[in-house]
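>>> Pasted the sequence and its predicted model underneath.
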Amino acid sequence: MKILLAEDDINISTIMAITLEQIGNHQVTVVEDGLAAVEQVQRQDYDLIILDGMMPKLDGFETCRKMKTDLHLKMPIIFMSAKSDESSKKAGKDLGAIGYIEKPFDPNLVCEQIEKILEEGM
Amino acid sequence: MNSIYRSLQIQFYFVLCLMLAASYFTFKFSKEIVAAKTNIHSHSRLITLMYEARTQPYSKKISYELQKSRAYSLNPTRALHISNFIQAYNSSNRNILEKRYQELLDYENEYVNLNETIIESKSDQIFAIVFGALLLQILNIFLYLRAMQKQMLSPIEHLTQKINDFMSGSYSYRFTTAPDNEIGNLERSFRLMAEEVIKNMEELQALDQAKSEFMNIVSHELRTPMTSIKGSLGLIASGKMGDLSDKVKKLIGIAEIESNRLIRLINDFLDLAKIEAKNYSLDRSWVPLEKILLSSVESLKGLQEKANVNIQILGYPKVEVNVDADKIQQVLVNLLSNAMKFTTEHGSVFIQADIFENKVYIRIKDQGPGISEENQQKIFQKFRQASSPDRPLVKGTGLGLSIAKALVEAHEGKISVVSEIGKGSEFYFTIPEYREEIKGKETIAA
């Protein structure tokens, strides 16, 4: 899959990118904030967008809203965040995301997790 | 200051003066009545004498008695009339005696009327004074009670109501200006206290809010580096980044285990802070007890296989409980995995539920080493662990039982342990809200 990853922490984005590429055999494009993510999706199509919760300029929720509500993007969005509470997860779903990955994640399991979310979401 | 005490004083003096005045006049008039009665008595005496003097022959005794009468007469006019009569009596002149007799008789009639009038009027006056004083006093009491009602009883009731409103109305209150007396002072003091309380409440709320925000920030700040650490180690351990020597594998393994433990600790810590926060709310619903028990056991399938310890359900009542199912499952999983940790291979952990004293009791029994009595007190405290078992499958965080306790108590239940060294342990907790299972609900297949 072609995956767009929006994450401001360089370490995490590096690890996530390696994980997705090496273990999941996906193609990953990394951006550092929500605004860049919005620009990217308008330039190219992606099979999946993974958004970090807290980012500068435009945070994860705002980015999702922009993509789903303003741009009416069909591409699936998954949130990735350190917040594990129910209200955050619900907020994500309400904005149009199909799933949630909790941080910290197990790199050996996260690709399966993503596949499962995509299956359930379709 | 318009003191209630001062008005009480005034009351007292008023009543005193009233009583003194009434007593004085009653006494005075009584004296006058007695004097009048004495006069009438003396009049009767004189009339008798006069009659004897007129009809009987001259007697020195009668003359003597007449003179006594005159002597006792304080009224000079009366004394004069009596003197004239005595003179006429002594002179033996029939005509003059007759004349003087008539004069004295006329005078005496007037005299007796006068005194009878005095008795009547003074009696009336006494009655009027006493009755009047009584009426005045009744009126006074009535007015005073009304004033007390207004100044004291009503404000006290009012203040009591205000205090009740304050307590029940989320510490809000409205005050009117307080009167300038003892009750007013009470109101003012209460107002000061109420303001203190409100201030403290607001501080506490702000503190609680700050604590919540702090917890969220901390958890985020701790989880972010842990993500990189766990991610890195996981990738290396997967072997996809290159081959690892056995020693390196072992070291990476250790790092993974400990970082996972740290992550569990952060999760538990945040969990506990959330549960203990003032605004913690449960997502309650009526759930079949069976469902929770089976679900908990099912979720530990992997651990049962890995540890070679199995969980047996001995029995449970067919009831529904009003709980947050996820949280109670969390409690069960916590207690069950603890029990499994301390059970040797091929052993069993037993779970059983029953109804006792109107509560649902859920019991988890293990055949482990048991817990000493002094440790039984300690284990529910934060970060206390019993000494590590021989084969630590999963090292605990030390918060598991604290969280279980907080969750059980949030459901108004109790949690405790019965144990003896060498005889295993039974952890149990209660759920007070239950009801018979409602027919028609689907049961989960075992």
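Now that the structure is in, tell me what you want to look at.

>>> Distance from stretch B:224-244 to the middle of the chain?
Centroid separation between stretch B:224-244 and its chain, computed with CA atoms, centre = their mean, to the nearest Å, is 63 Å.

>>> average pLDDT for that stretch?
Stretch B:224-244 shows a mean pLDDT of 92.

>>> Report the buried residues of it.
B:224, B:226-237, B:244 (16 or more other CB atoms under 10 Å in any protein chain shown). All C-beta spots, glycine's among them, are computed from the backbone N, C-alpha and C.

>>> ok, which of those residues also contact chain A?
Of the residues in the buried residues of stretch B:224-244, proximity to chain A by CB under 8 Å from any CB of the partner chain holds for B:Thr224, B:Met226, B:Thr227, B:Ser228, B:Ile229, B:Lys230, B:Gly231, B:Ser232, B:Gly234, B:Leu235, B:Ala237.

>>> The fourth one belongs to a helix, doesn't it?
Just to be clear, that refers to B:Ser228. Yes - using DSSP: H, G, I helix; E, B strand; the rest coil, the assignment for B:Ser228 is a helix.

>>> For B:Ala22, see how far away it is.
B:Ser228 is 102 Å from B:Ala22, where distance means CB to CB, to the nearest Å.

>>> before we move on, what about B:Leu233?
Counting by CB to CB - B:Leu233 and B:Ala22 are separated by 106 Å.

>>> Check B:Pro225 too.
Going from B:Pro225 to B:Ala22 by CB to CB gives 97 Å.

>>> re earlier: and the ones next to chain A among the buried residues of stretch B:224-244 as a markdown table, adding distance to B:Gly400?
As requested, these are arranged in a markdown table below (distance: CB to CB, whole Å):
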| residue | distance to B:Gly400 |
| --- | --- |
| B:Thr224 | 25 |
| B:Met226 | 19 |
| B:Thr227 | 23 |
| B:Ser228 | 26 |
| B:Ile229 | 23 |
| B:Lys230 | 21 |
| B:Gly231 | 26 |
| B:Ser232 | 28 |
| B:Gly234 | 24 |
| B:Leu235 | 29 |
| B:Ala237 | 26 |
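
>>> Look through chain A and tell me its longest helix.
helix A:107-121 (DSSP state H).

>>> I'd like to know how many residues surround B:Met167.
Look at B:Met167: counted by other CB atoms under 10 Å in any protein chain shown, it has 11 neighbours.

>>> how distant is the strand or helix carrying it from the center of its chain?
For B:Met167, the enclosing helix or strand under DSSP states H and E is helix B:154-168. How far helix B:154-168 lies from its chain's middle: 12 Å, per CA atoms, centre = their mean.

>>> Which parts of chain B are helices?
For chain B, applying DSSP H gives helices covering B:4-55, B:60-72, B:76-91, B:94-148, B:154-168, B:182-238, B:246-276, B:289-299, B:301-307, B:325-341, B:373-378, B:400-410.

>>> Let's have the ones you listed in a markdown table, adding distance to B:Tyr434.
Shown next, in a markdown table, are these (distance: least, CB to CB, whole Å):
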| stretch | distance to B:Tyr434 |
| --- | --- |
| helix B:4-55 | 57 |
| helix B:60-72 | 107 |
| helix B:76-91 | 109 |
| helix B:94-148 | 56 |
| helix B:154-168 | 31 |
| helix B:182-238 | 32 |
| helix B:246-276 | 22 |
| helix B:289-299 | 7 |
| helix B:301-307 | 27 |
| helix B:325-341 | 12 |
| helix B:373-378 | 27 |
| helix B:400-410 | 14 |
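
>>> To A:Asn25, which of those lies closest?
helix B:182-238 (13.7 Å; CB to CB).

>>> other SSEs contacting the closest one?
Taking 3 or more CB pairs under 8 Å, 6 or more residues apart in numbering or on different chains; DSSP states H and E as contact, the helices and strands that helix B:182-238 lies on are helix A:10-18, helix A:107-121, helix B:4-55, helix B:154-168, helix B:246-276.

>>> and if we set it to 6 Å?
helix A:10-18, helix A:107-121, helix B:154-168, helix B:246-276 (3 or more CB pairs under 6 Å, 6 or more residues apart in numbering or on different chains; DSSP states H and E).

>>> That one vs helix B:154-168, what angle?
0 degrees (axes from the mean of the first three to the mean of the last three CA atoms, to 10 degrees).

>>> The most centrally placed residue in chain A bridge partners, please.
With the centre of chain A defined as its mean C-alpha position, the nearest residue by CA atoms, centre = their mean is A:Ile50, 1.1 Å away. Counting by DSSP bridges, A:Ile50 is bridged to A:Leu5, A:Ile78.

>>> Pull up the residues of chain A that are close to chain B.
Within chain A, the residues that sit near chain B (CB under 6 Å from any CB of the partner chain) are A:Asn11, A:Ile12, A:Ile15, A:Ile18, A:Gln22, A:Ala82, A:Lys103, A:Pro104, A:Asp106, A:Pro107, A:Asn108.

>>> Just send the helices and strands packed on helix B:182-238 back as TSV, with distance to B:Glu195 too.
Shown next, in TSV, are the helices and strands packed on helix B:182-238 (distance: least, CB to CB, whole Å):
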stretch	distance to B:Glu195
helix A:10-18	50
helix A:107-121	54
helix B:154-168	11
helix B:246-276	29
